[in-house]
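J.: Okay, here's the prediction I keep looking at, along with the sequence it came from:
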Amino acid sequence: MGIFSFFSKDKKENLDKGLEKSRDGIFSKIAKAIAGKSKIDDEFLDELEDILIASDVGVETTLKIIKRIEARVAIDKFVSTSELNKLLKDEIVKLLNENTIEVKNTFEDLKGFKPYVIMVVGVNGVGKTTTIGKLANQFMKNGKTVVIGAADTFRAAAVDQLKVWSERSGATFVSHGMNTDPASVAFDAVKKAIEIGADVVLIDTAGRLHNKINLMTELSKIKRVMSKSIETAPHEVMLVIDGSTGQNAFEQAKQFTAATELTSLAVTKLDGTAKGGVVIGISDQLKIPVKYIGVGEKVEDLQVFNREAFVESLLGL
């Protein structure tokens, strides 16, 4: 395990603090619903269903979880209320494990590609540019050299912000300025990475285009020009979504899934919301692995997603 190992004490403390609002919303409601009961019954399961849906886990995923709890209770014949949280954690983790691949510490593991090219997508305002900056910083701290391509050429703020992040982290910055061809920026960023022997390329993309056809066309063009330099690029297409928007984040994820082939998710702003359950629903429903979660403002608060630690923190275990 490297310095960004999810199970370090500091990372776990940051996770617990970042999910405090979500934990209060779920854990306290479960404790209240189960107070005075000696066993899990249909009435409690109905209440649990309402709690999970209200926490933005999503209807379909909630129903899966409830069915799993019912099956466990039927098999074990008797499950005390004191065992509920552990049982709930076990079933949620199993559900997530069945639906998505295991995510390792990707600040160290680049799957043998050099450079490893990540195209980052997402609507404006979700924290996409900040996520790229934090990723660059953490990759650099892990001894990787990074190139950032400012291919969101429609927003001056995005270009300027990425330049600041690159200077802060020591990453190489590639930009053609405002209102230039995004695909050309992406091509030159990959070319620069090859020239200097960089390990990672992070490509920002526009967060708002007129419609899905425009979005698909632009993203396809960016992917196509990068593949001219590296046939397998991009190696990852990461969607950044704002966890505090709950089910709206889920809808954004569905729209981008329809527009391009997503391979990973980063869920931001979980520290400011009680809607942390959306991570479970999105991971389950879209079958796209959540790789990173944002649980605070600091660079290290962008964490590699670990399902078990996340669910434990959410349930107060």
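T.: It's in.
J.: Hmm, G143 and G170 touching each other?
T.: No - at 11.5 Å, G170 does not count as touching G143 under the criterion of CB atoms under 8 Å. For glycine as for every other residue, the C-beta is placed from the backbone atoms N, C-alpha and C.
J.: Spell out which residues sit in contact with the most centrally placed residue in the chain, please.
T.: Central residue of the chain (CA atoms, centre = their mean): A266, 2.1 Å from the mean position. Applying CB atoms under 8 Å, 6 or more residues apart in numbering to A266 gives the contacts 131, 238-241, 290-294, 302.
J.: How about D301?
T.: 14, 18, 134, 271, 294-295.
J.: I'd like to know which of these are part of strands.
T.: G294 (DSSP state E).
J.: With respect to pLDDT, which of the contacts of D301 ranks lowest?
T.: Lowest pLDDT of the contacts of D301: N14, 85.
J.: Surely that residue and V299 touch.
T.: No - judged on CB under 8 Å, N14 makes no contact with V299 at a distance of 11.1 Å.
J.: re earlier: mind putting the contacts of D301 in a markdown table, neighbour count included?
T.: Formatted as a markdown table, these follow (neighbours: other CB atoms under 10 Å):
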| residue | neighbour count |
| --- | --- |
| N14 | 19 |
| G18 | 23 |
| K134 | 24 |
| D271 | 22 |
| G294 | 24 |
| V295 | 28 |
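J.: Of the contacts of D301, just say which sits nearest to G122.
T.: Distances from G122 to the contacts of D301, taken as CB to CB, are shortest for G294 (12.2 Å).
J.: and the closest one, what does it touch?
T.: By CB under 8 Å, 6+ apart, the neighbours of G294 are 18, 127, 131, 134, 243, 266-271, 301-303.
J.: And the helices in the stretch 1-150 of the chain?
T.: Per DSSP state H, counting those that start in this stretch, the stretch 1-150 of the chain has helices spanning 9-18, 20-34, 42-54, 59-76, 84-99, 128-141. These are given in chain order.
J.: got JSON lines for those helices, with distance to L286 too?
T.: Listed next are those as JSON lines, based on distance: least, CB to CB, whole Å:
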{"stretch": "helix 9-18", "distance to L286": "22"}
{"stretch": "helix 20-34", "distance to L286": "20"}
{"stretch": "helix 42-54", "distance to L286": "18"}
{"stretch": "helix 59-76", "distance to L286": "11"}
{"stretch": "helix 84-99", "distance to L286": "9"}
{"stretch": "helix 128-141", "distance to L286": "18"}
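J.: Please identify which of those is closest to A193.
T.: helix 128-141 (12.3 Å).
J.: Where does F310 fall, secondary structure wise?
T.: Assigned by DSSP states H and E, F310 belongs to helix 307-315.
J.: Against which helices or strands is that helix packed?
T.: Counting contacts by 3 or more CB pairs under 8 Å, 6 or more residues apart in numbering; DSSP states H and E, helix 307-315 packs against helix 9-18, helix 20-34, helix 84-99, helix 278-286.
J.: Show me the contacts of A266 that map onto helices.
T.: T131 (DSSP state H).
J.: Mark which of the contacts of A266 are buried, thanks.
T.: Neighbour counting with 16 or more other CB atoms under 10 Å marks 131, 238-241, 290-294, 302 as buried within the contacts of A266.
J.: what two of those residues have the greatest distance between them?
T.: So for the buried ones among the contacts of A266, where distance means CB to CB, the most widely separated pair is L239 and L302, at 14.9 Å.
J.: so what's the nearest residue to E312 once chain neighbours are set aside scoring on pLDDT?
T.: Nearest residue to E312 in three dimensions, chain neighbours excluded: K89, at 6.1 Å (CB to CB, 6 or more residues apart in numbering). Here, the pLDDT recorded for K89 equals 88.
J.: And for K89, the neighbour number?
T.: Residues within reach of K89, counting by other CB atoms under 10 Å, total 18.
J.: can you list the buried ones among the contacts of A266 in JSON lines and add distance to S166?
T.: Below are those laid out as JSON lines (distance: CB to CB, whole Å):
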{"residue": "T131", "distance to S166": "14"}
{"residue": "M238", "distance to S166": "18"}
{"residue": "L239", "distance to S166": "22"}
{"residue": "V240", "distance to S166": "18"}
{"residue": "I241", "distance to S166": "24"}
{"residue": "V290", "distance to S166": "26"}
{"residue": "K291", "distance to S166": "21"}
{"residue": "Y292", "distance to S166": "19"}
{"residue": "I293", "distance to S166": "23"}
{"residue": "G294", "distance to S166": "19"}
{"residue": "L302", "distance to S166": "16"}
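J.: list the helices and strands the helix or strand A189 falls within packs on?
T.: According to DSSP H and E, A189 maps onto helix 182-196. Contact analysis of helix 182-196 by 3+ CB pairs under 8 Å, 6+ apart lists strand 116-121, strand 146-150, strand 172-174, strand 200-204, helix 212-229 as its packing neighbours.
J.: Direction included, what does the first one pair up with?
T.: Strand 116-121 has the following strand partners under DSSP bridges: strand 200-204 (parallel), strand 236-242 (parallel).
J.: Right, I'll leave it there.
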